[in-house]
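Q: have a look at this fold, sequence not included:
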């Protein structure tokens, strides 16, 4: 019987973890640099107007990163399930490098008018499209070349380095606003490193799961004399995806964007309007929040090597539910930026997210459809919820005050709980089936 556990990584697996983690770090540094510098860059690339319209412009710029992600997910999902995981992550890295070069070279609104607004929006769309294929491809690659329990921290390391890239982007944003550091140089450096990362990733081998599935397809095609494209559409290789699995993963993916947006974007605006913070002060404040998030992610990454990741998520979910019950009282008690810092840190550290159990979710999807479904579900869920929260939060807060955020937080929390409970039951059923099979083999 094939080995079902792996306690340590081989040298080749360690190299793959390193290359993919560093590549994701660079990808998310490039992606999040604009997000965290939005308070400054939106003033450069969009027309100056009143506070309400400025908020709508900011929401538009933010959403542009995600609205076309579903189309990118379909494209890269198809490529990932057709030409392989390795080549897809190389393509996405090159796209990010190209978009960074454009961003770094783009004239401001004062120089070329509304064209600057359109170009920056299109560039953000390209970044969003490439990022969904990149991080999904990296996580899937590591899922398919490793086995539990070492698989959990290996796959989670990609997410951790994405968080690290976001924090470094915050660091650069802080220097750019406080010490007149040239933000364009940061995009150029990001582009150069991304190009190097794409070159380095060319040394990776394709994953065994994907390669074996493709080899079986080719062999059957050769022996039967039937076209591979036809065989992929037949019941022999076209293994169906369970609808409940897809819905559960979609529900889980909805929550993290809400926590992220509230923490960095919404409460960033709150700092400006309620505590008269400058753009530089908001970025410095969010940098400290980002450090708390990185520390929390690092702790969970370590724990995933000791504890089943689903247990980690269940504990985090329970803490977050208790927090929601007291949210109105906690927000009323905020009277200083430090109080808000504590609230932001709690929301982002205990955020509702599939981390660090992504590998567990992925394995419940067929190999030759795994990339497509993982990408599309990630992209569609994020696109939907980012549009809802980016524009919805503006009006909910106007109508109900800061308590209005609960109209979004509570539903996504319920959705997350439903998805988490489903995968938990699925895992327990899988473990039971495995033990029954094992006992039969032994007997």
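A: Looks like it came in fine. For clarity, every value in this text was computed on a predicted model and none was experimentally measured.
Q: now stretch 188-196: buried residues?
A: Of the residues in stretch 188-196, those with enough neighbours to count as buried (16 or more other CB atoms under 10 Å) are 189, 190, 191, 193, 194, 195. (Each C-beta comes from the backbone N, C-alpha and C, glycine too.)
Q: okay, these in CSV with distance to residue 282 next?
A: Shown next, in CSV, are the buried residues of stretch 188-196 (distance: CB to CB, whole Å):
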residue, distance to residue 282
189, 23
190, 22
191, 26
193, 27
194, 27
195, 32
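Q: from these, which land in helices?
A: 189, 190, 191, 193, 194, 195 (DSSP state H).
Q: now, which of those residues sits nearest residue 322?
A: residue 190 (39.3 Å; CB to CB).
Q: for the nearest residue to residue 207 once chain neighbours are set aside, the count of nearby residues, please.
A: Excluding the flanking residues, the one nearest residue 207 by CB to CB, 6 or more residues apart in numbering is residue 144, at 3.7 Å. The burial metric for residue 144, expressed as a neighbour count using other CB atoms under 10 Å, is 25.
Q: for the residue lying closest to residue 190 once chain neighbours are set aside, give me its contacts.
A: Distances taken as CB to CB, 6+ apart put residue 30 closest to residue 190, at 4.3 Å, once the chain neighbours are dropped. Applying CB atoms under 8 Å, 6 or more residues apart in numbering, one finds that residue 30 lies in contact with 96, 97, 99, 100, 127, 165, 169, 187, 190, 191, 194.
Q: pull the distance from the helix or strand encompassing residue 30 to the chain's centre.
A: Per DSSP states H and E: residue 30 is located in helix 11-36. With CA atoms, centre = their mean, to the nearest Å as the basis, helix 11-36 stands 12 Å off its chain's centre.
Q: quick one: low-confidence parts of the stretch 51-200 of the chain?
A: Judged by pLDDT under 70, the stretch 51-200 of the chain has its weakly predicted residues at 51-67, 180-181.
Q: okay, now the unreliable bits of the stretch 201-350 of the chain?
A: Residue ranges of the stretch 201-350 of the chain with pLDDT under 70: 217-218, 220-239.
Q: repeat that with 50
A: Low-confidence segments of the stretch 201-350 of the chain (pLDDT under 50): 235-236.
Q: picking that back up, does the residue nearest to residue 207 touch residue 206 like I think?
A: No. Residue 144 sits out of contact with residue 206 when judged by CB atoms under 8 Å, with a separation of 9.2 Å.
Q: and after the helix or strand encompassing residue 347, which helix or strand comes next?
A: Element membership of residue 347, judged by DSSP H and E, is helix 337-349. Counting by DSSP H and E, the next helix or strand C-terminal to helix 337-349 is helix 358-362.
Q: can you give the distance of that next one from its chain's centre?
A: For helix 358-362, the distance from its own C-alpha centre to the chain's C-alpha centre is 14 Å (CA atoms, centre = their mean).
Q: please apply the same query to stretch 197-207.
A: 21 Å.
Q: you'd agree residue 312 is up against residue 301?
A: No. If you go by CB under 8 Å, residue 312 and residue 301 don't touch, sitting 9.9 Å apart.
Q: which neighbours do these two have in common?
A: residue 356.
Q: just the closest of the ones in helices among the buried residues of stretch 188-196 to residue 337, please.
A: Compare each of those with residue 337 using CB to CB and the shortest gap goes to residue 190, at 29.6 Å.
Q: and stretch 22-41, what's buried?
A: By neighbour count with 16+ other CB under 10 Å, stretch 22-41 contains the buried residues 22-41.
Q: tell me the mean pLDDT over that stretch?
A: For stretch 22-41, the mean per-residue pLDDT is 75.
Q: need the contact list for the residue nearest to residue 43 when sequence neighbours are not counted.
A: In space, not counting the residues next to it along the chain, residue 43 is nearest to residue 279; the distance is 7.8 Å by CB to CB, 6+ apart. Residue 279 makes contact with 39, 40, 43, 177, 272, according to CB under 8 Å, 6+ apart.
Q: OK, contacts around the second one?
A: Just to be clear, that refers to residue 40. So residue 40 contacts 173, 176, 177, 183, 279, 283 (CB under 8 Å, 6+ apart).
Q: that one: what secondary structure?
A: Taking DSSP: H, G, I helix; E, B strand; the rest coil as the rule, one finds residue 40 in the helix state.
Q: when you give positions from now on, start the count at 315
A: Okay, residue one is now 315; in that scheme the one you just asked about reads as residue 354.
Q: do you know how far it is from residue 410?
A: Using CB to CB, to the nearest Å, residue 354 is found at 21 Å from residue 410.
Q: still on that earlier bit, residues that sit against both of residue 458 and residue 520, list them.
A: Contact with both residue 458 and residue 520 is made by residues residue 399, according to CB under 8 Å, 6+ apart.
Q: got the contact list for stretch 460-478?
A: Stretch 460-478 has contacts (CB under 8 Å, 6+ apart) with 317-323, 327, 331, 334-336, 338-339, 341-342, 449, 452-453, 456-457, 607-608, 611-612, 614-616, 618-619, 622-623, 669-674.
Q: how many residues are close by residue 513?
A: Number of residues near residue 513 (other CB under 10 Å) recorded here: 12.
Q: so it sits in a helix?
A: Yes. With three-state DSSP as the criterion, residue 513 is assigned to a helix.
Q: pLDDT at residue 722, what is it?
A: On the pLDDT scale, residue 722 is placed at 90.
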